[in-house]
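Trainee: Let's see this in three dimensions:
(one chain, ligands or ions: 1)
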Amino acid sequence: MTHAPNPARDRRRTVVVGTGAIAGAHAGAVAAHADRAVVTHAVDLDAERARAFAEKHGIAAWGTDLAEVLAGRPDLAHVCTPPGSHLPLAVQCLEAGVPVLLEKPPALSLAEVDQLIAASERTGVPVAVVFQHRFGGAGRLARRLLAEGADGSGIGRAHVAVCDTLWFRPEPYFAVPWRGLWEVEGGGPTLGHGIHQFDLLLALLGPWQQVSAMAARQARTTDTEDVSAAVLRFERGTIATMMNSLLSPRETSTIRVDADHATLELEHLYGYGDDAWRFTPAPGHEGLADVWAGGLDGAPSGHSAQLGVLLDALDTGSPLPVPLAEARDTMELVAAVYASAFTGRPVERGEIGPGHPFYTRNDGDGAPWPPLKP
Ligand SMILES: NC(=O)c1ccc[n+]([C@@H]2O[C@H](COP(=O)([O-])OP(=O)(O)OC[C@H]3O[C@@H](n4cnc5c(N)ncnc54)[C@H](O)[C@@H]3O)[C@@H](O)[C@H]2O)c1
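Mentor: Here you go, the predicted model:
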């Protein structure tokens, strides 16, 4: 069955703020839900970039003045600017009464996430954070089977997990002024790249409890790390390892979880479909293969999948995904990886708060290597 799209006035009106590389994924996501939403404005500090973006995506209006656009009370602002501007721009939207879909990482530090939470509570306007890997059909199925495992059904308890983000970013990638600097990017692959994968790992396994980590700047002209590694214990007992690298020529993003009754594996790069997952039942539990295969719905991960759930939540008044409180758990793990790596000690969840050096900056009192970035 087909139906004609609603006229624009009946659709959610959204604005894209920051029209660089990732903004296209947001415009594409809205286009994928064209019967429910429309991008009405493109805003960028660079007027020409905003104009070209608007033209490419068929957006009616563009400009550099966010306040003016917010005065029209759009239904949603997609904040797609570099991380150092996320907090002030998101707060500006909230104060104008406009809900925010905020690109990852939501902010530069755990302290900034807490400021976002406070602003959202004060204004009563929600912020959702982009973690699009949570929203593929197979990821949601895996989460359900593991959550059921916590109470003895599903695929049982998860005991072992491996989470690797092995990507390659050559030197020119860091030429952009906001990359590779603690002050404006907030961190290297731990905060900016591996965060997608270990956010999904947290969604699958529940709260983490303790982390021990190492980080190094091995090869790039950055102030931030270009590799980090960690060992984690989860509240439910799972032991996991995690590697975040920008120095890996054969790139891959992988997660493996070994539970009582099955092994779940994901191998992809920037997004997955059903085929990227592999399900291996334990001996005696072969019937679970049918449960897995029967639960797959073919929906790939990505911005469109997350936006669909977000539009449903706007319709029903439920919390917008991924809520700040859940994004905070992920950002707390980021801060803890840096804190453990730079102090040489294990870090417990809940340890990093106001007064802790890694609460306001992911490099704490300074990384253990000299600055290099010009
Ligand atoms: N979810 C994902 O898969 C994914 C992938 C890539 C990047 N990202 C995230 O998206 C964000 C943007 O990354 P990018 O690669 O698109 O950056 P980019 O540098 O390509 O684009 C950023 C744009 O924001 C504009 N801008 C900067 N400050 C602004 C302000 N105050 N007001 C309006 N416009 C402003 C810039 O002029 C530029 O056009 C980052 O947080 C990044 O981590 C997410």
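
Trainee: CA only for contacts and neighbour counts going forward, please
Mentor: Fine.

Trainee: tell me the pLDDT at the nearest residue to residue 273 once chain neighbours are set aside?
Mentor: Among residues not flanking residue 273 along the chain, residue 300 sits closest, at 4.3 Å (C-alpha to C-alpha, 6 or more residues apart in numbering). Looking at residue 300, its pLDDT is 98.

Trainee: How much space separates residue 300 from residue 221?
Mentor: 35 Å (C-alpha to C-alpha, to the nearest Å).

Trainee: for residue 322, same thing?
Mentor: For residue 322, the distance to residue 221 equals 33 Å [C-alpha to C-alpha].

Trainee: Looking at the two, which one has more neighbours?
Mentor: A direct count of neighbours by other C-alpha atoms under 10 Å for residue 322 and residue 221 places residue 322 higher, at 21 against 18.

Trainee: Pull out the buried residues from the longest helix along the chain.
Mentor: Using DSSP state H, we find that the single longest helix of the chain is helix 324-343. Going by neighbour count (16 or more other C-alpha atoms under 10 Å), the buried part of helix 324-343 is 324, 326-342.

Trainee: ok, then the element right after it?
Mentor: Following helix 324-343 in sequence order, the next helix or strand is strand 347-348 (DSSP states H and E).

Trainee: Identify the residues contacting that next one?
Mentor: 209, 210, 211, 212, 336, 337, 339, 340 (C-alpha atoms under 8 Å, 6 or more residues apart in numbering).

Trainee: which one is the third one nearest to, not counting chain neighbours?
Mentor: Just to be clear, that refers to residue 211. Nearest residue to residue 211, sequence neighbours excluded (C-alpha to C-alpha, 6+ apart): residue 232, at 4.5 Å.

Trainee: returning to what we had before: could you give the number of residues near the residue nearest to residue 273?
Mentor: By other C-alpha under 10 Å, the residues close to residue 300 number 21.

Trainee: Might you report the residue contacts of it?
Mentor: Residue 300 touches 135, 136, 137, 138, 271, 272, 273, 274, counting by C-alpha under 8 Å, 6+ apart.

Trainee: Now narrow those residues to whatever sits close to the ligand.
Mentor: Here nothing survives when the contacts of residue 300 are matched to the ligand using C-alpha under 6 Å from any ligand atom.

Trainee: Highest neighbour count among those?
Mentor: In these, the most neighbours by other C-alpha under 10 Å go to residue 138, 28 neighbours.

Trainee: quick one: contacts for the closest residue to residue 63 other than its chain neighbours?
Mentor: The shortest distance from residue 63 to any residue other than its chain neighbours is 5.1 Å, reached at residue 43 (C-alpha to C-alpha, 6+ apart). The neighbourhood of residue 43, defined by C-alpha under 8 Å, 6+ apart, consists of 15, 16, 17, 18, 19, 50, 62, 63, 64, 65, 66.

Trainee: if we can go back for a sec, okay but the residue nearest to residue 211 is in contact with residue 209, surely?
Mentor: Yes: between residue 232 and residue 209 there is a contact under C-alpha atoms under 8 Å: 7.4 Å.

Trainee: More neighbours: which of those two?
Mentor: Legend: neighbour count by other C-alpha under 10 Å for residue 232 and residue 209, higher for residue 232 (24 against 17).

Trainee: Could you give the bridge partners of that one?
Mentor: Residues in a beta bridge with residue 232, per DSSP bridges, are residue 211, residue 240.
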